[in-house]
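> coordinates only, sequence not included:
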């Protein structure tokens, strides 16, 4: 992995995306969820199914992790509101105690070979920490992400993969440096 370079376009985009997360506590909780997902699934920066990116134009979809065709975790900015959106199995809408936790939910479009009711959901939560603390929610998220890993052998979005984004999502020391740069004393 390459070091952070202040004038580098990837570094500039990373700092803009982190700033758009709103505050250090929310950012740290999102990063903890991202690191948990990457560690638990054994995701590797060289895996062709995995894409971590720093979207150039997006002020809405921040620090996404995509497996094959679908987001499995993404910070979503909607005006002043932020949600951590995670993939969840197709039965999401039939589980009331999980549905009540969600701030937003979007159903993915069906991919080739999927029926109309087969696609998973992208479910947004106001506090990213809930993905780690709620057992049912966490296990459903991991199950849905594992299904995405098995769906295909390569992401069509791989050309947008950023080693800088992957390193940031997995390297605590880099996170500390970037958060301190963006949020100053609040980052601790």
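Everything's here; your move. Keep in mind that this is a model prediction, so the values were computed, not measured.
> in the protein, which spans are strands?
Ranges of strands within the chain are 50-52, 61-67, 70-78, 81-88, 104-107, 121-125, based on DSSP state E.
> show me what the mean pLDDT comes to for the first one.
Regarding strand 50-52, the rounded mean pLDDT is 94.
> before we move on, back to that, of all the strands of the chain, which one is nearest residue 16?
Judged by CB to CB, the one of the strands of the chain that comes nearest to residue 16 is strand 61-67, at 9.1 Å. The C-beta positions use only the backbone N, C-alpha and C, and glycine is treated the same way.
> which strands or helices does that closest one pack on?
helix 9-20, helix 24-41, strand 50-52, strand 70-78, helix 135-151, helix 163-170 (3 or more CB pairs under 8 Å, 6 or more residues apart in numbering; DSSP states H and E).
> most neighbours per residue, which of these?
strand 50-52 (a mean of 24; mean count of other CB atoms under 10 Å).
> kindly reformat the strands of the chain as JSON lines containing distance to residue 159.
As requested, the strands of the chain are arranged in JSON lines below (distance: least, CB to CB, whole Å):
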{"stretch": "strand 50-52", "distance to residue 159": "9"}
{"stretch": "strand 61-67", "distance to residue 159": "12"}
{"stretch": "strand 70-78", "distance to residue 159": "17"}
{"stretch": "strand 81-88", "distance to residue 159": "21"}
{"stretch": "strand 104-107", "distance to residue 159": "24"}
{"stretch": "strand 121-125", "distance to residue 159": "22"}
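> to residue 148, which of the ones you listed lies closest?
Among the strands of the chain, strand 61-67 sits nearest to residue 148 (CB to CB), with 4.1 Å.
> ok, residue 137 touching residue 98?
Yes. Assessed by CB atoms under 8 Å, residue 137 is found in contact with residue 98 at 6.0 Å.
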